[in-house]
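Engineer: Here is my input, please return the structure:
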Amino acid sequence: MHPHITRTSRHGERVAWLVRKHGVSEAEAEKLMAERIPIGRILEASDVTPLVLLFASPLSGATTGQAIAVDGGALPGVCY
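Structural biologist: Below is the predicted model of the structure:
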């Protein structure tokens, strides 16, 4: 699974980095991040959880070797 920008415990570090890099407020840094995601918002852990639960359930018993992007449309695909 390939989640994109997701609000996790590390999110504050990413925002602080953008604040320093671009000299903007935290709100503006969040806006810059969200603009890079086609759904227009930063992903939440709750956006990723359903896929994790699916993979952990018997429903995906025959699923192997898959790469699924949970990215709000930010990436064109996952290629290896």
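
Engineer: From the rest of the structure, what touches stretch 19-34?
Structural biologist: 5, 14-16, 18, 40-42 (Cβ atoms under 8 Å, 6 or more residues apart in numbering). C-beta here means a position set from N, CA and C on the backbone, and glycine is covered the same way.

Engineer: Now it: buried residues?
Structural biologist: Applying a neighbour-count criterion of 16 or more other Cβ atoms under 10 Å, one finds 19, 29-30, 33 buried in stretch 19-34.

Engineer: With stretch 49-59 instead?
Structural biologist: By 16+ other Cβ under 10 Å, stretch 49-59 has no buried positions at all.

Engineer: Let the chain start at 46 from now.
Structural biologist: Happy to do that; since the first residue is 46 now, the last one works out to stretch 94-104.

Engineer: and that stretch, how far from the chain's centre?
Structural biologist: Computed by Cα atoms, centre = their mean, to the nearest Å, the separation of stretch 94-104 from the middle of its chain amounts to 17 Å.
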